[in-house]
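K.L.:
Sequence first, then the predicted structure, then my questions.
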Amino acid sequence: MKFFKKSDIIILIIIVMSTLFWIIYNFASSKQSAKAEIYYYSELAETIDLTAGVEKTFSIPQNSHVIFHLYKDGTICFEESNCPDKVCVHAGKLHRVGEMAACLPNGIVLKIVPEKEHSADDLDMIIGK
């Protein structure tokens, strides 16, 4: 009786490789110092330093109905919003480079970017055929 087929071994290799890449990505992204950028209708409204160790609740001047919370551990989240579906609030705490959350009815995007390597010339998104 045969326990493994050839396709089972291939699937097992794919699972092991993807788990390995996920662990490497998490380890590499946790070492980077990061900052949060808050965009209001595609314009940078505010930049928040996540390494300061400060806890505060704030909003941006362009829309005071959306409230953010910055935690001492370097995480940030949407705390409250006046949008109907509250997807932004349910996005949770963000802290790794590359994570983002958006409140589309209010036109606000919260992105976590590298502290030193990000520039205005970097690509935000690639759209292709």
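P.N.:
Happy to help now that I have it. Residues are numbered from 1 along each chain as shown.

K.L.:
tell me the SS of F4?
P.N.:
Secondary structure, DSSP: H, G, I helix; E, B strand; the rest coil: F4 is coil.

K.L.:
Let me see the contact set for it.
P.N.:
Taking CB atoms under 8 Å, 6 or more residues apart in numbering, we find F4 in contact with no residue. The way it works is simple: take the backbone N, C-alpha and C, and place the C-beta from them, glycine included.

K.L.:
Would you mark the buried spots in stretch 48-58?
P.N.:
For stretch 48-58, burial by neighbour count (16 or more other CB atoms under 10 Å) applies to 48, 50.

K.L.:
what does stretch 22-39 give?
P.N.:
Across stretch 22-39, burial judged by 16+ other CB under 10 Å covers 29, 34-39.

K.L.:
Who does L110 form a beta bridge with?
P.N.:
Taking DSSP bridges as the rule, L110 bridges to I38, A101.

K.L.:
Pull the contacting residues for it.
P.N.:
36-39, 68, 76, 78, 88, 94, 100-102.

K.L.:
Quickly check these for the two that are furthest apart.
P.N.:
The most widely separated members of those are E37 and C88, with 15.2 Å between them, by CB to CB.

K.L.:
How about D73: what's its closest non-neighbour residue?
P.N.:
Excluding the flanking residues, the one nearest D73 by CB to CB, 6 or more residues apart in numbering is H95, at 7.6 Å.

K.L.:
Can you lay out the contacts of L110 as TSV showing pLDDT?
P.N.:
Shown next, in TSV, are these (pLDDT from 0 to 100):
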residue	pLDDT
A36	92
E37	94
I38	95
Y39	95
F68	96
I76	94
F78	95
C88	92
L94	92
M100	92
A101	94
A102	94
